[in-house]
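Asks: Any chance you could fold what I've pasted below:
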Amino acid sequence: MLLAIDLGNTNVVLGVFEGKTIKYSWRIATLRERTSDEYAIIFRGLFSLYRLRFDAVQDIAVCSVVPPLNETITEMARRHFQINPFFVDPMRQDLMPIHYHPPSDVGADRIVNSLAAFQLFGGPAVIVDFGTATTFDAVSAKGEYLGGIIAPGIAVSAEALFARTAKLPRIEIKKPDKAIGDSTVSSMQAGIYLGYVSMVEGMLRRIQKELENPHVIATGGLARLICEGAEGIDRIEENLTLLGLEIFYSRLSGT
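Replies: Purely as a prediction, here's the structure:
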């Protein structure tokens, strides 16, 4: 059994694989202050809920964009699973050529997502990852990572508005019934949600001028929320990063 761990800035996403199939997945908050033992307690609780055993885990694969947590997760894996975890390093792989300058600057999650999208759906492809940041990643028809776009995530943008405007309330981010709001709350929801959706649609139109007829895949914790209103998304794959981790691990470990 493979335990795949996606260490993101907002969430840690876990997935348990039996062979090539993801059986269970969970999402917990990323807290850099947690110790390796605290993460182990949380993992053990999730395993217990689904009657899974720690000793059934044979391998652990990790994709991280939070370097301060790498040692914490490594210690957790060694102490509680007796496993040395495998970390995806975009610079130490030959599965996907990287056309990014410098290649070392591209996040591991973006390469993992891109490889998964290409292997599962072919190319050319665009992967839109709705997380703390919203990233657009472009993959060629040959399976090359071409680069992409990095934009603030919708929650980050909304938080900046709440923090810097004394009279505007903190609101739920959701799809409004109409564009013209008739209250402060509905006006803010229209501006935040529809404004963000318009950004996504506009970026996709610009990308499609440079990449002919790509398949567009959305992923990330906020994918379903944004895709309620956004046109141009062909598919939502919430576990794309976990699936990519399994592909990376299987290919690079020879299993």
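Asks: Can you classify the residue lying closest to Phe86 once chain neighbours are set aside by secondary structure?
Replies: Nearest residue to Phe86, sequence neighbours excluded (C-beta to C-beta, 6 or more residues apart in numbering): Ala61, at 4.8 Å. The C-beta positions use only the backbone N, C-alpha and C, and glycine is treated the same way. Under the three-state scheme (DSSP: H, G, I helix; E, B strand; the rest coil), Ala61 adopts strand.
Asks: Tell me what Ala61 is bridged to.
Replies: Going by DSSP bridges, Ala61 is paired in beta bridges with Ala4, Phe86.
Asks: cool, and Val139?
Replies: Beta-bridge pairing for Val139 (DSSP bridges): Ala125, Tyr145.
Asks: residue contacts, it?
Replies: Applying C-beta atoms under 8 Å, 6 or more residues apart in numbering to Val139 gives the contacts 96, 114, 117-118, 123-127, 145-146, 214.
Asks: The residues you listed into TSV, with extra columns for neighbour count, distance to Ala4 and pLDDT?
Replies: Listed next are these as TSV, based on neighbours: other C-beta atoms under 10 Å; distance: C-beta to C-beta, whole Å; pLDDT from 0 to 100:
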residue	neighbour count	distance to Ala4	pLDDT
Met96	18	18	95
Ser114	31	16	97
Ala117	28	16	97
Phe118	25	18	97
Gly123	20	23	93
Pro124	22	26	98
Ala125	25	21	98
Val126	27	23	98
Ile127	30	17	98
Tyr145	23	20	97
Leu146	19	25	97
Pro214	23	26	97
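Asks: returning to what we had before: return the residues in contact with the residue nearest to Phe86.
Replies: 2-5, 85-86, 88, 245-246, 248-249.
Asks: Tell me the one of these nearest Ala160?
Replies: Taking C-beta to C-beta as the measure, Ile5 is the one of these closest to Ala160, at 29.3 Å.
Asks: can you pull out the strands in the stretch 151-255 of the chain?
Replies: For the stretch 151-255 of the chain, applying DSSP state E, counting those that start in this stretch gives strands covering 215-219, 235-236.
Asks: Need these in JSON lines (columns: mean pLDDT, mean neighbour count and distance to Phe47).
Replies: What follows is these, written out as JSON lines (pLDDT from 0 to 100; neighbours: other C-beta atoms under 10 Å; distance: least, C-beta to C-beta, whole Å):
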{"stretch": "strand 215-219", "mean pLDDT": "97", "mean neighbour count": "23", "distance to Phe47": "24"}
{"stretch": "strand 235-236", "mean pLDDT": "96", "mean neighbour count": "16", "distance to Phe47": "27"}
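Asks: Show me which of the contacts of Val139 is closest to Gly191.
Replies: Using C-beta to C-beta, Val126 comes nearest to Gly191 of these, at 25.6 Å.
Asks: pretty sure that closest one contacts Glu210?
Replies: No. Using C-beta atoms under 8 Å, Val126 is not in contact with Glu210, being 10.3 Å away.
Asks: which neighbours do those two share?
Replies: Listed as contacting both Val126 and Glu210 by C-beta under 8 Å, 6+ apart are Ala138.
Asks: how about Gly148, what does it touch?
Replies: For Gly148, the contact set (C-beta under 8 Å, 6+ apart) comprises 110, 135-138.
Asks: Any chance of the backbone angles for Ile150?
Replies: The phi/psi pair for Ile150 (degrees, to the nearest 10) reads phi -120, psi 120.
Asks: Is it correct that it is in contact with Thr132?
Replies: No. Judged on C-beta under 8 Å, Ile150 makes no contact with Thr132 at a distance of 10.7 Å.
Asks: Neighbour count for the two, which is higher?
Replies: In terms of neighbours (other C-beta atoms under 10 Å), Thr132 is the more surrounded of Ile150 and Thr132; the figures are 19 against 12.
Asks: how about the closest residue to the more buried one other than its chain neighbours, secondary structure?
Replies: Using C-beta to C-beta, 6+ apart and skipping the chain neighbours, the partner closest in space to Thr132 is Asn9 (4.2 Å). Secondary structure for Asn9, judged by three-state DSSP, is coil.
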